[in-house]
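**Student:** what would the 3D arrangement of this be:
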Amino acid sequence: MDYAAPRWLPGGNLQTIWAALYARRFDGPAPVYRRERWPTPDGDFIDVDFVDAPAPGPRPLLVLFHGLEGSSRSHYAEAFAAYAASRGMAFAVPHFRGCSGELNLAPRAYHSGDFEEIGWILARMRDQHAQKGGGPVLAAGVSLGGNALMRWASEAGETASGVVGAVASVCAPLDLAAGGEAIGQGFNKLVYTRMFLATMKPKALAKLAQFPGLFDREQLMSSRNLYDFDNVFTAPLHGFRDVDDYWSRGSAKPHLASIRVPALVVNARNDPFIPARSLPKPGEVGAHVTLWQPAHGGHVGFPMGLPPGHVHGMPEQVGGWLQLHGGASADGRGLSPGRE
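**Tutor:** Numbering: from 1, shown residues only. Sure, this is the predicted structure:
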């Protein structure tokens, strides 16, 4: 990835925070989403926000899986929506359960290794997109969503190419234990962990009100980091023995060599959440995986330009790579079979 941080935004924390709060996400009006509610096989639901392609006919569909406590209004989601619109593509953000503004119905929530959910969503996306005119389906995942997407791609193996043309992860914690340890210390704990727990704890308590006895309330309230929270809530609710089992089995890094569809893995080496030493090395991934590890960018930051800056660059480079490798031409049209 070709990225150089602006001189006025030095360091991973500033590049992370400024991009999320102040940088321009799009030029012109904000994306206007059309929401669909999809019933899940287990009797729950997810909400999917769409921006339809501006013209009829076969067009690529770009599906974006958001990060921890993210949504279609996250800065990166709106930037990707603007990119898709500028290329004549359809765009969709499936919300993980409980992240669309309404509490979900089942005892479960969502987690970093949720590849079964990713697989179900992408299969339905492919079928629905085919009914509306077709074209390549491209998938990107940010942070937690990126790890889950790569876990799906590794589990799907050869069958992934029947669902998507290419996949990409952006700033995904591919080693969940390393990321969990990093975010639980120092400045990260004071700022990012506190921010995440401020929304995650109330959601968990609402889930407890739905299902009394689901977990220990006092243990949850005493959680001061993601390790403790995942140990009392996320891990047991999703079939893991404990947080260590969850972080081990949920991490995509050990499975990247199993991916058989074009895959891009982007991680800034100054990401406050993800230690550079934990990032995958070329010898740890398969031939289908491309690694982009720029020196700067922060966590889903990559701001560019003069103040207040913008975050167009990352979606343009990631989206361009997906189009190139996923069977979509530069103008957003689907390529015909057999065309390079």
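**Student:** where do the strands sit along the stretch 1-150 of the chain?
**Tutor:** Using DSSP state E, counting those that start in this stretch, the strands of the stretch 1-150 of the chain run over residues 34-39, 45-51, 61-65, 90-94, 137-142.
**Student:** mind listing what's buried in the third one?
**Tutor:** Neighbour-count burial for strand 61-65, counted by 16 or more other C-beta atoms under 10 Å, picks out 61, 62, 63, 64, 65. Yep, even glycine has a C-beta here, placed from its N, CA and C like the rest.
**Student:** where does this structure dip in pLDDT?
**Tutor:** 329-340 (pLDDT under 70).
**Student:** let's see that with 80 instead.
**Tutor:** Flagging of the chain using pLDDT under 80 yields the residue ranges 1, 328-340.
**Student:** on that earlier part again, I'd like the buried residues of strand 61-65 as JSON lines, with distance to residue 323 appended.
**Tutor:** Shown next, in JSON lines, are these (distance: C-beta to C-beta, whole Å):
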{"residue": "61", "distance to residue 323": "12"}
{"residue": "62", "distance to residue 323": "9"}
{"residue": "63", "distance to residue 323": "14"}
{"residue": "64", "distance to residue 323": "14"}
{"residue": "65", "distance to residue 323": "18"}
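**Student:** can you list the buried residues in stretch 114-131?
**Tutor:** Of all the residues in stretch 114-131, those buried under the rule 16+ other C-beta under 10 Å are 114, 115, 117, 118, 119, 120, 121, 122, 125, 126, 128, 129.
**Student:** now do that stretch: distance to the chain's middle.
**Tutor:** 15 Å (C-alpha atoms, centre = their mean, to the nearest Å).
**Student:** alpha carbons of that stretch, in PDB - could you do that?
**Tutor:** Taking C-alpha atoms only, stretch 114-131 is exported to PDB below (Å, rounded to 0.1, in the frame of the first residue of the first chain):
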ATOM      1  CA  ASP A 114     -17.700 -15.700  13.500                       C
ATOM      2  CA  PHE A 115     -17.000 -17.300  10.100                       C
ATOM      3  CA  GLU A 116     -20.300 -19.200  10.000                       C
ATOM      4  CA  GLU A 117     -22.200 -15.900  10.100                       C
ATOM      5  CA  ILE A 118     -19.900 -14.400   7.400                       C
ATOM      6  CA  GLY A 119     -20.500 -17.400   5.200                       C
ATOM      7  CA  TRP A 120     -24.300 -17.200   5.500                       C
ATOM      8  CA  ILE A 121     -24.300 -13.500   4.800                       C
ATOM      9  CA  LEU A 122     -22.100 -13.700   1.800                       C
ATOM     10  CA  ALA A 123     -24.000 -16.600   0.300                       C
ATOM     11  CA  ARG A 124     -27.300 -14.700   0.600                       C
ATOM     12  CA  MET A 125     -25.600 -11.600  -0.800                       C
ATOM     13  CA  ARG A 126     -24.400 -13.500  -3.800                       C
ATOM     14  CA  ASP A 127     -27.800 -15.000  -4.500                       C
ATOM     15  CA  GLN A 128     -29.700 -11.700  -4.000                       C
ATOM     16  CA  HIS A 129     -27.200  -9.800  -6.200                       C
ATOM     17  CA  ALA A 130     -27.500 -12.400  -9.000                       C
ATOM     18  CA  GLN A 131     -31.300 -11.900  -8.900                       C
END
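**Student:** check what contacts that stretch and list those residues.
**Tutor:** 38, 40-41, 46, 48, 61, 63, 65, 90, 92, 94, 96-97, 110, 135, 137, 139, 148-149, 151-152, 154-156, 163-164, 238 (C-beta atoms under 8 Å, 6 or more residues apart in numbering).
**Student:** repeat the analysis, applying 6 Å as the threshold.
**Tutor:** For stretch 114-131, the external contacting residues (C-beta atoms under 6 Å, 6 or more residues apart in numbering) are 61, 63, 94, 137, 148, 149, 151, 152, 155, 163.
**Student:** surely the fourth one meets residue 60?
**Tutor:** The one in question is residue 137. No: using C-beta atoms under 6 Å, residue 137 is not in contact with residue 60; the gap is 7.4 Å.
**Student:** measure the nearest residue to residue 284 once chain neighbours are set aside to residue 308 for me?
**Tutor:** In this structure, residue 284 finds its nearest non-sequential neighbour in residue 256, 6.5 Å apart by C-beta to C-beta, 6 or more residues apart in numbering. Residue 256 sits at a distance of 36 Å from residue 308 (criterion: C-beta to C-beta, to the nearest Å).
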